[in-house]
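Student: Provided below for reference: sequence and predicted model.
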Amino acid sequence: MKRVAFVFWFCGVAFASTEDADAQKDRVDCNNPITNIEIGACLDRDLKAADTELNRVYQIARDTIERSDHLPPDLKAEWKVALRDAQRLWISYRDADCRALIKYEWWGGSGTSIAVLSCLLEKTQNRVSELRARYDPR
């Protein structure tokens, strides 16, 4: 019985800690982050925004392909598959470069997670720019 009570207590503490951490992330001043936790929270927020923008621009690219009038439907379909495959390969490259390599470059360092998030953010923003230049020149 004591073991069950401990599990419930531990899960409650873990849940409360997660809630507190999430609430703290929302209150971080990203114009002036000071601690690694604050910097990480701001980078995480910026990465989520960049990922949302990447998804939006990727959809614009697909829509641009669909609206193109210089190719027959079967070649448009092939183009969309090629774009999808290229995007999947790009994601694999980004994740390998930022997640797999950075941990060795920063081995044991307290800034590892910040370095990973910074790398992911930079590569995602660059990919947004690439796709926008090709498919959404505004």
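Tutor: Sure, I can see it.
Student: From what I see, A50 and Q125 are in contact.
Tutor: Yes - counting by CB atoms under 8 Å, Q125 is a contact partner of A50 at 5.3 Å. Where C-beta positions appear, they are placed from N, C-alpha and C, glycine not excepted.
Student: the more surrounded of the two?
Tutor: Ranked by neighbour count (other CB atoms under 10 Å), A50 and Q125 place A50 first, with 19 against 16.
Student: Grab the nearest non-local neighbour of that one.
Tutor: T124 (4.3 Å; CB to CB, 6 or more residues apart in numbering).
Student: Provide a list of residues in contact with that neighbour.
Tutor: 47, 50-51, 54, 94 (CB atoms under 8 Å, 6 or more residues apart in numbering).
Student: for I65, same thing?
Tutor: By CB under 8 Å, 6+ apart, I65 lies in contact with 76, 79-80, 83, 135.
Student: among those residues, which are in helices?
Tutor: 76, 79-80, 83, 135 (DSSP state H).
Student: chain center to the lengthiest helix in the chain, what's the gap?
Tutor: Determined from DSSP H, the single longest helix within the chain is helix 36-67. Relative to the chain's own centre, helix 36-67 is displaced by 7 Å; criterion: CA atoms, centre = their mean, to the nearest Å.
Student: do stretch 81-94 as well
Tutor: Worked out by CA atoms, centre = their mean, stretch 81-94 lies 15 Å from the chain centre.
Student: which residues sit against that stretch?
Tutor: Taking CB under 8 Å, 6+ apart as the rule, stretch 81-94 contacts 58, 61-62, 65, 120, 123-124, 127.
Student: Buried residues in it, which are they?
Tutor: By neighbour count on 16 or more other CB atoms under 10 Å, the buried set for stretch 81-94 is 83, 87, 90, 94.
Student: ok, back up a step: what mean pLDDT does the longest helix of the chain have?
Tutor: Mean pLDDT, helix 36-67: 97.
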